[in-house]
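Asker: whatever this is, show me its structure:
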Amino acid sequence: MRLCTECHWDGWDRIVDIYPERSDKLPEYINDPDNYKVIILEKGSLEISGEGRTRVVKAPALIGLSQKDVLDYKILQGIKVCILFFNPTVIREEFTYERIDSGEFERAWGTSIYQDYMLIKYATLSTNTCDHVIELPLNGLKRLKDLFTSAEKELHGQKDGFWPCRSRSYLMELLYYILYSFIAVTPAKEETPLQDDFSAITEYLNEHIDEQISVETITKKFAINKNKLNDLFMKQASMTCHDYLLTLRMDLAKVMLTNTELPINEIASRVGYPDAGYFAKIFKHVTGKTPSLYRSDK
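Answerer: Below you'll find the model as predicted:
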């Protein structure tokens, strides 16, 4: 069984290697050996086992699996899940399993493509599936479900010729959100109040990346003055809050410019700039290139 989405337009034979599924159970092909899986557990609980360990997973949670992972599980309480099956080559054709498993990317292509590669590395951080679980805050669950729903609507609705690119872009944004909200900025095990505050704010920035957030938005939301906010970010990320948000937005824009053919104005809106001209100005200031040139150079 090939888990993919076929085009239903007359005269098109396009296939996109993403398959969305909503269910009150885990399908029999959950361990399909040809796909990565993002499992969003929004209701219920599971017991999963791996390498002599067991772990109870309660909603809301996320489980990321590579094509080699085998999920050994038992349902403890009635579940509700959203699942995205995908082959990494849907992001970039270079992302074959052979290259991913060999670690070829960083050696052969350097940091630019390796940064994109990190978007799919989330499912290979450990060989034990018990370690592939991320406990979600409720707002994190909402963001993931929104991105899942957006991808699902594009894949099923196919409203215009950009549906393959747009569905892929929502997958990329979902992976980007997972990486930068729950993996790259995860505090140390012994959390401090500073780390707690930093995690809460960075999660908020990721959840609202498509909105017109300002430093003033953050200071009001988290009842913190600008100086303390920037001191916090300098200690935790070696940059100001403004620069952190700018980096998040520009990195996501780079991913979409490189790996999709979406119109630049749509990408601008997706990263929080409703004015495409202003986005282009900021993008050039940060990268030294216009969005169009950056895309053509890749």
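
Asker: what's the domain layout of this structure?
Answerer: Following automatic domain parsing, the chain resolves into domains at 5-142, 185-297.

Asker: tell me which element residue 166 falls in.
Answerer: helix 163-178 (DSSP states H and E).

Asker: let's test this: mean pLDDT of the helix or strand just after that helix, rounded?
Answerer: Later in the chain than helix 163-178, the nearest helix or strand by DSSP H and E is helix 193-207. Helix 193-207 carries an average pLDDT of 85.

Asker: which among the domains of the chain is found nearest to residue 171?
Answerer: domain 5-142 (5.8 Å; Cβ to Cβ). No exception for glycine: its C-beta is placed from N, CA and C like everyone else's.

Asker: helices of this structure, residue ranges please.
Answerer: Using DSSP state H, the helices of the chain run over 97-102, 104-117, 138-157, 163-178, 193-207, 215-221, 226-237, 241-259, 264-270, 276-287, 291-297.

Asker: and the ones you listed as TSV, adding distance to residue 54 and mean neighbour count?
Answerer: Shown next, in TSV, are these (distance: least, Cβ to Cβ, whole Å; neighbours: other Cβ atoms under 10 Å):
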stretch	distance to residue 54	mean neighbour count
helix 97-102	27	14
helix 104-117	31	15
helix 138-157	23	19
helix 163-178	24	24
helix 193-207	27	17
helix 215-221	39	14
helix 226-237	34	16
helix 241-259	36	20
helix 264-270	40	19
helix 276-287	46	16
helix 291-297	47	15
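
Asker: lowest average confidence across those, which one?
Answerer: helix 104-117 (a mean of 63).

Asker: mind putting the domains of the chain in CSV, distance to residue 178 included?
Answerer: CSV is the format used below for these (distance: least, Cβ to Cβ, whole Å):
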stretch, distance to residue 178
domain 5-142, 6
domain 185-297, 9
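
Asker: pull the number of nearby residues for residue 58.
Answerer: When neighbours are counted by other Cβ atoms under 10 Å, residue 58 registers 14.

Asker: please renumber the chain so that the first residue is 711 from this point on.
Answerer: From this message on, residue numbering opens at 711, which makes the last subject residue 768.

Asker: gap between it and residue 786?
Answerer: Residue 768 is 9 Å from residue 786, where distance means Cβ to Cβ, to the nearest Å.

Asker: any common contacting residues for the two?
Answerer: Contact criterion Cβ atoms under 8 Å, 6 or more residues apart in numbering; residues shared by residue 768 and residue 786: 754, 755.
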